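Engineer: show me how the following folds:
(chains A and B)
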Amino acid sequence: MAHTTSMDPARANGWFRVERAPRLFRLVIGGEWTVHEAPRLDFELRHLDPGDANRAEIDGSGIARMDSAGAWLLVRTKRILQEHGKTVEGPILPEIYGPLVHTVEHEHTAPPVTIPHRHTLHALLERVGHTTVHSLVRAYEMLGYLGRVTVETAEAFMMPRGNLRVAALIHQVEETGLNSLPIVGLLAFLIGIVLAYQGADQLKRFGAEIFTINLLGVGVLREIGGLLTAIILAGRSGSAFTAQIGTMRVNEEIDAMETIGLNTVDVLVLPRILGLVIALPLLTFYSDIMGLIGGAVMCYFDLGITIPAFLRQLHEAISMNTFLVGIIKAPVFAFVIGLVGCYEGLQVERNAASVGKLTTRSVVESIFLIIVLDAAFSIMFSILKI
Amino acid sequence: MAEPANRDAVITVRGLVNGFDETIIHDHIDLDVYRGEVMGIVGGSGTGKSVLLRTIVGLNRQRAGHITVFGRDMAHLGGHELRELQTRWGVLFQEGALFSSQTVAENIQVPMREYTQMSQELMNEIASVKLSMVGLPEDTCRKHPSELSGGMKKRAGLARALALDPELLFLDEPTAGLDPISATQFDSLVCDLQKSLNLTVFMVTHDIDTLRATTDRIAVLVDKKIHIGTIDSLRHDPHPWIKEYFGGVRGRAALAS
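Structural biologist: Numbering: from 1, shown residues only, chains lettered A, B, ... in the order given. Predicted structure coming up:
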């Protein structure tokens, strides 16, 4: 009998040895056939030369310890031998490992699944196509949702006693409006300072520093005040809407509401959207004022323009229209933030990861839409020559 | 069931006190789990079954008492020693707790990748073996957890808990939410693994069929204390909750068969 020792039993914890007789391939295995030995055994067993004997025998009586990784290696080796046309006897094993090998052998009948490679050109094209179609479908659905919310809003105002949840609405005004005052005020004040400083710096060169106030007044009232507030609220309240409604979706609360017969648009969506539509114009006004105060402070310290002089110049620079052009955009922005936030919240699937994903998407989408709409307003106002 | 006195304890709990704010959940409880046994933990809702499990695996800090696992005091384990200990146990959480950003196969391979040097090919093979062992079809490998039903998540979670063939397995309500056939398969799976790997199992469960089929001893949490015994000895326990549990309609039906 010829011996081929693939591993030295004395040194290795898990080992096997091949004994070749004229018509018999004998595999003797022993030691620890466990997950920690598996990497080494795996490599050696893959390169096992099955020879041309038509009978094989596996003797595992020397196994000291075996777990399912080891059992799999044994079963796999047995299958490889069978594929080479051998009739395999055994494996002979210590009694306690019988059930384990039996389980692995009989439960696992299909060939191992190969995990598909995801970085091919084909996969890239597939992803691009998938994303495009998905975006179009989403845009279509959101348009449908806009329609539904519009109808429900109209109904709520026509039958105010039935549909409008006043307590929830007031709660939302407090949550999105009152509670945002500190952050909106501080940021608007700081932006006012920055704007005045940069304006003064440039205009000083022409000796036209007094026009800093014009820049500030028009900039803050027409654009910055409204845009800044809307973006802050998209981050603060739009994300909260998605997360709140999304979490309710995960907990099946939305499903529970529907089975009880509550209209989710009335209960969840309208108070949030309308609350924001009320709060955002007020916040925009507040943010305008804070921005101007910031600018005035900077003008006083940087240019030495006193407050009465500042007010006089401001009065000449801006008209009521300047203010109205800024403030008129606020309800539209509010509606978009609320709509996107609630819509994405309702799209959440029943898993926690989906809440995070859609919250991010909701913020990105609403900020994107706010800026697109702002540009559209600018174009419209320039055509109307306002 | 061998005599506990001369057996090697894998988990030892001494004088454990747990509580939240004002409420005490465990009031000085003692518990030993011996090598190779299946210990079932039962108790009404809110009696702290899961809290006990979480405390033993170190997710919850006890107010008082000592816990040793594999003879090591859990309170005094450094990062490296703890890591080593963690490769010797597997935990199945109630909802499976699969990593949602990864496929099922990748989930099962997380412990293998972290603690062994197996080739990707071998890991794929072993992941698919584990999946078939817990009774999931082959194509589950490529799916993400969000595409699985509750019962499938639980089995995939078990496959991950078994990834490194641990010596000690913690199961938190493993058969809850499974259909009776899957639950029975699960019971026999636990029995098989337990025999083959000399596995020690710490199982929180409500399922009296599972208790009967798999457990060697049962610990009942009642009135902040713990009553330990075999199914037969606990049936004669005078405590009203335990009496109701084993003597109620469901208990009688399960124990009669």
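Engineer: I'd like to know which elements the helix or strand A:Tyr140 falls within is packed against.
Structural biologist: Remark: A:Tyr140 resides in helix A:121-158, with elements defined by DSSP states H and E. Counting contacts by 3 or more Cβ pairs under 8 Å, 6 or more residues apart in numbering or on different chains; DSSP states H and E, the secondary-structure elements packed against helix A:121-158 are helix A:160-163, helix A:270-298, helix A:320-347. Every C-beta, even on glycine, is put in place using the N, C-alpha and C of the backbone.
Engineer: what about A:Leu136, how many residues nearby?
Structural biologist: The burial metric for A:Leu136, expressed as a neighbour count using other Cβ atoms under 10 Å in any protein chain shown, is 10.
Engineer: please report how far it lies from A:Arg148.
Structural biologist: When distances are taken as Cβ to Cβ, to the nearest Å, A:Leu136 and A:Arg148 turn out to be 19 Å apart.
Engineer: where does the stretch 1-150 of chain B have low pLDDT?
Structural biologist: Within the stretch 1-150 of chain B, the stretches with pLDDT under 70 are B:1-6.
Engineer: B:Phe70 and B:Ala183: what is the separation?
Structural biologist: Relative to B:Ala183, and taking Cβ to Cβ, B:Phe70 is found at 30 Å.
Engineer: am I right that A:Val336 is in contact with A:Val372?
Structural biologist: No. Assessed by Cβ atoms under 8 Å, A:Val336 is found out of contact with A:Val372, at 9.4 Å.
Engineer: higher neighbour count, those two?
Structural biologist: Neighbours were tallied for A:Val336 and for A:Val372 using other Cβ under 10 Å; the higher tally belongs to A:Val336 (24 against 11).
Engineer: contacts only, for the more buried one.
Structural biologist: A:366, A:369-370, A:373 (Cβ atoms under 8 Å, 6 or more residues apart in numbering or on different chains).
Engineer: pull out the buried residues from stretch A:76-84.
Structural biologist: Within stretch A:76-84, the residues scored as buried using 16 or more other Cβ atoms under 10 Å in any protein chain shown are A:76-78, A:80-81.
Engineer: just stretch A:33-52 next, same as before
Structural biologist: Buried residues in stretch A:33-52 (16+ other Cβ under 10 Å): A:33-42, A:45, A:48, A:50-51.
Engineer: anything in it near chain B?
Structural biologist: Yes. Using Cβ under 8 Å from any Cβ of the partner chain, we find that stretch A:33-52 touches chain B at A:34-36, A:38-39, A:42-43.
Engineer: helices or strands up against the host helix or strand of A:Pro39?
Structural biologist: Under the assignment given by DSSP H and E, the secondary-structure element containing A:Pro39 is helix A:38-46. Other elements packing on helix A:38-46 under the criterion 3+ Cβ pairs under 8 Å, 6+ apart are strand A:14-21, helix A:68-83, helix B:120-133.
Engineer: and if we set it to 6 Å?
Structural biologist: Applying 3 or more Cβ pairs under 6 Å, 6 or more residues apart in numbering or on different chains; DSSP states H and E, we find helix A:38-46 packed against helix A:68-83.
Engineer: what does the helix or strand following the helix it packs on contact?
Structural biologist: Counting by DSSP H and E, the next helix or strand C-terminal to helix A:68-83 is strand A:87-92. The contact list for strand A:87-92 (Cβ atoms under 6 Å, 6 or more residues apart in numbering or on different chains) reads A:55-61, A:74, A:78, A:81-82.
Engineer: if you count neighbours, what's buried in the next helix-or-strand element following strand A:87-92?
Structural biologist: Where DSSP H and E defines the elements, the next helix or strand beyond strand A:87-92 is helix A:98-107. Of the residues in helix A:98-107, those scored as buried under the neighbour-count criterion (16+ other Cβ under 10 Å) are A:99-101, A:103-105, A:107.
Engineer: of those residues, closest to chain B?
Structural biologist: A:Leu100 (3.2 Å; Cβ to the nearest Cβ).
Engineer: the closest one reaches B:Ser196, doesn't it?
Structural biologist: Yes. Distance between A:Leu100 and B:Ser196: 3.2 Å, which falls inside the contact criterion (Cβ atoms under 6 Å).
Engineer: can you tell me the closest non-neighbouring residue to B:Ala183?
Structural biologist: When the adjacent residues along the chain are set aside, B:Ala183 lies closest to B:Thr175, with 4.1 Å between them (Cβ to Cβ, 6 or more residues apart in numbering or on different chains).
Engineer: and that neighbour, helix, strand or coil?
Structural biologist: When the structure is split into helix, strand and coil by DSSP: H, G, I helix; E, B strand; the rest coil, B:Thr175 lands in coil.
Engineer: got the residues of the stretch 51-200 of chain B near chain A?
Structural biologist: When proximity is defined as Cβ under 6 Å from any Cβ of the partner chain, the stretch 51-200 of chain B approaches chain A at B:100, B:117-118, B:122, B:124-126, B:128-129, B:132-133, B:138, B:141, B:146, B:164-165, B:192, B:195-197.
Engineer: ok, of those, which come out buried?
Structural biologist: Buried by 16+ other Cβ under 10 Å: B:118, B:122, B:124-126, B:128-129, B:132-133, B:141, B:164-165, B:192, B:195-197, out of these.
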